[in-house]
Each structure stands twice: as structure tokens, then as C-alpha cells.
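*Asks:* Sequence and predicted model, in that order:
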Amino acid sequence: MGIIEKNISAADDGELLDSYSKTIAGAVDLVGPAVSRIERIGGKGGHGSGFAISPDGLIITNNHVVNDAKAVRIKTAEGLTTEGRVLGRDPDTDIALVRANTSVGSWARLGDSKRLRRGHIAVAIGNPLGFEWTVTAGIISALGRSMRASNGRLIDDVIQTDAALNPGNSGGPLVSSSGEVVGVNTAVIQGAQSIAFAVASNTANYVVSEILRFGRVRRGYIGIAADTVDLHRKIAFAAGSLQTTSVRIRRIEPDSPARSGGLQEGDLVLAINGSAVAGIDDVVRLLDGDRIGEETEFLIFSVQGTLERKTLIPSSRAS
């Protein structure tokens, strides 16, 4: 055993707070310039936030921010005011994509929300209650939540945070300590303290790619609500997988492909057509429009404690 020849003193509170402040400020410096104020042009009035994800002016915001508008007014952090058109929207995830008529300068990078852990730093940037480019900070409180969108559908893979959000923050970025966008701020619970939600960046990334390719989001429907959960190593080993998380079915809709295919509430979904399922965003990605009407194999660890393969035929999700 080695010998430590000098005492190692712990950092004092001042040093820790200074490090925390520098981390927050660094994340804000990276993403803040990409954040815009979004106002509807035509339709019902309203405003919120958005953030650019490319130098040519692609901007992510919430569907409920743009609502029925076809065009929006965009005000950037540098003071540029321009207009943009709504390329597409997805009420099921409360995500909309806007293209500005001119370059908006700065843009932010979408990170991998699957790498998030409870307790990670979370920074929200937006325009709450008319106070433009406000920054709040907190932590990731929970992962894999579900919440209802304005159309009544369940949004899966939602991030819960205690970073303060208010009306006007909607559509703004939730940012990691490394300065990557890990969520799109979407909702608060009125009357609750320190409970707010953001759509995971992996879900937003999928929606954006679908809108750019097809003008809409195509989905295969199987009729489940589910949570992302930790996967016991014994189950992963039995399935020949290295994954550490999976998806647990929480509810199955009656007369759905999942019900007719033999899935049960409490089953763990380990893979779809041979591709590992480590989270809700994997289910969304793997059940795209190409799976509609096609036999699709699910590897599950059943509530009875056995590995089973089930064949489902996803249907087209009604709009």
C-alpha cells in the first residue's frame, strides 16, 4: 500500500460554488445565443421560446407555442427580428419545427438524452412571462415520465426537472452542464413547486428528422403506455444483451395490437425486431411508419419471469 505524504484537504464551499457557477455560466454561454422568442402571426395570439439547431435557421419549439399559425415572428438574443414558417408540427410530442427566413446566427447542439441521470445539472433558458432570456437552474428530478399532450395523447420519455419554468418558457431548451440541449421545455403543473417537464432531446431529434423527410411524423401504433426502468443484470445476461435499462409496459389499450399480440402490463420490452430497447425513445424510433401493417417481433421478459418472443402487427396511428 502506498503512503500519502501530505494531507489532501477538501475544497471549501466557496470553491465548490464557484465551480458550479462557472459550469452554469459556461452552458448558458454556449446555448443562450441560439434561443429565440417566438410569436404567432395570424391565428390565435401567443408567444413562447425556441432554439436554433442549425446555422440556416431551423428552430425547435413547442406545438402549443405555434398552435394553428403558419408563420411566426422570431426575435433572437442578438436583437435580430425576422419571420419564419412552420415546417411541421407533432401534437403527440408537443414539438414543432420552424425555418427562419434568414440565418439566425448561433445554434445549439442536441445531446443524447439517454445519457442523463437523476441529479444531473439542468439549465432552462427562455422567455417566461415576458422576461426575455431568463436562466434558471436545477437538476434532473426524474426520467421516463409520461404526460398528456394538448390533444390527449400520452407523451412518453418526458424529463422531470426542478429548474423553474413559467408560461413563456415553453419551447426553450433544457441544457446539460456540458452545454448540450437534452430537452425541450414543455409544461409546468399549476400550483406545484419545483415540478416541470421537458420532452427528451432524442424524441425531439426523431420528430425533426421525420418532419424534414416527410412533412409529418409517421408512427406505428401498438397501444401501450410505458416507463423506462433499470434492467437487472441477470435478465440482460439471459437475453444476451449488455443494456442496463429497458421499457416496462404500464398500460395496454383495449382492442390494440399489443393486447391481441399477447403483451401484458408489467412485461419488459427488451428488443424490437432484434434491435435493443433501452428506453421509450427506442420504441418510438423502432415503431416508425415503415412498421405499419408489418409483422414485428418483440423480445420481452414477461411478468411470469420468462423470456418470450411475441409477434405484433402495428397499425397506423390515427391523427
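*Replies:* Cool, got the structure.

*Asks:* List the buried residues in stretch 266-273.
*Replies:* Asp267, Leu268, Val269, Leu270, Ala271, Ile272 (16 or more other CB atoms under 10 Å). For the C-beta atoms, the positions are set from N, CA and C on the backbone; glycine is no exception.

*Asks:* Likewise for stretch 186-206?
*Replies:* Buried, per 16+ other CB under 10 Å, within stretch 186-206: 186-188, 196-206.

*Asks:* cool, and stretch 225-242?
*Replies:* Ala226, Asp227, Thr228, Leu231, Ile235, Ala236, Ala239, Ser241.

*Asks:* And the fourth one, how close does it get to Ala52?
*Replies:* In other words, Leu231. Leu231 sits at a distance of 36 Å from Ala52 (criterion: CB to CB, to the nearest Å).

*Asks:* do the same with the fifth one
*Replies:* For Ile235, the distance to Ala52 (CB to CB) stands at 42 Å.

*Asks:* One more: the second one?
*Replies:* Using CB to CB, one obtains 32 Å as the distance from Asp227 to Ala52.

*Asks:* burial measure for the residue nearest to Asn166 when sequence neighbours are not counted, as a count.
*Replies:* Spatial nearest neighbour of Asn166, chain neighbours left out: Pro128 (3.6 Å); criterion: CB to CB, 6 or more residues apart in numbering. Neighbour count of Pro128, defined by other CB atoms under 10 Å: 21.

*Asks:* SS state for Asp282?
*Replies:* helix (DSSP: H, G, I helix; E, B strand; the rest coil).

*Asks:* Local confidence estimate at it?
*Replies:* pLDDT, Asp282: 86.

*Asks:* how close does it get to Asp288?
*Replies:* Distance from Asp282 to Asp288, by CB to CB: 11 Å.

*Asks:* Show me which of these two is the more surrounded one.
*Replies:* Asp282 (23 against 17).

*Asks:* Next up, the contacts around the more buried one.
*Replies:* Val247, Ile272, Ser275, Ala276 (CB atoms under 8 Å, 6 or more residues apart in numbering).

*Asks:* just to revisit the earlier point, could you list every residue that touches the residue nearest to Asn166?
*Replies:* Pro128 touches Thr134, Leu165, Asn166, Pro167, Gly168, Asn169, counting by CB under 8 Å, 6+ apart.

*Asks:* Hmm, the first one is touching Leu165, no?
*Replies:* No: with contact defined as CB atoms under 8 Å, Thr134 does not reach Leu165; the gap is 9.9 Å.

*Asks:* which neighbours do these two share?
*Replies:* Gly126, Pro128.

*Asks:* Look at those two and report which has more neighbours.
*Replies:* A count of neighbours by other CB under 10 Å puts Leu165 above the other of Thr134 and Leu165, at 27 against 20.

*Asks:* didn't the more buried one look like it was pressed against Asn185?
*Replies:* Yes: using CB under 8 Å, Leu165 is in contact with Asn185, at 5.5 Å.

*Asks:* quick one on the thing from earlier: out of the contacts of Asp282, which are buried?
*Replies:* Val247, Ile272, Ala276.

*Asks:* now the second one: how far from Gln304?
*Replies:* Separation of Ile272 from Gln304 (CB to CB): 20 Å.

*Asks:* Then His64?
*Replies:* Distance from His64 to Gln304, by CB to CB: 41 Å.

*Asks:* Looking at these two, which one has more neighbours?
*Replies:* The neighbour comparison of His64 against Gln304 (other CB under 10 Å) goes to His64, with 19 against 9.

*Asks:* re earlier: can you flag which of the buried residues of stretch 225-242 belong to helices?
*Replies:* Ile235, Ala236 (DSSP state H).

*Asks:* any idea which of the buried residues of stretch 225-242 is closest to Ile140?
*Replies:* Distance to Ile140, by CB to CB, is smallest for Thr228 among the buried residues of stretch 225-242, at 12.8 Å.

*Asks:* Who is that closest one paired with across the strands?
*Replies:* Val247 (DSSP bridges).

*Asks:* do Ser275 as well
*Replies:* Under the criterion used (DSSP bridges), Ser275 bridges to Ile272.

*Asks:* Might one say that it is in contact with Asp288?
*Replies:* No: between Ser275 and Asp288 there is no contact under CB under 8 Å: 11.7 Å.

*Asks:* host element of the closest residue in space to Gly119 that isn't next to it in sequence?
*Replies:* Nearest residue to Gly119, sequence neighbours excluded (CB to CB, 6+ apart): Ile139, at 5.5 Å. Assigned by DSSP states H and E, Ile139 belongs to strand 134-148.
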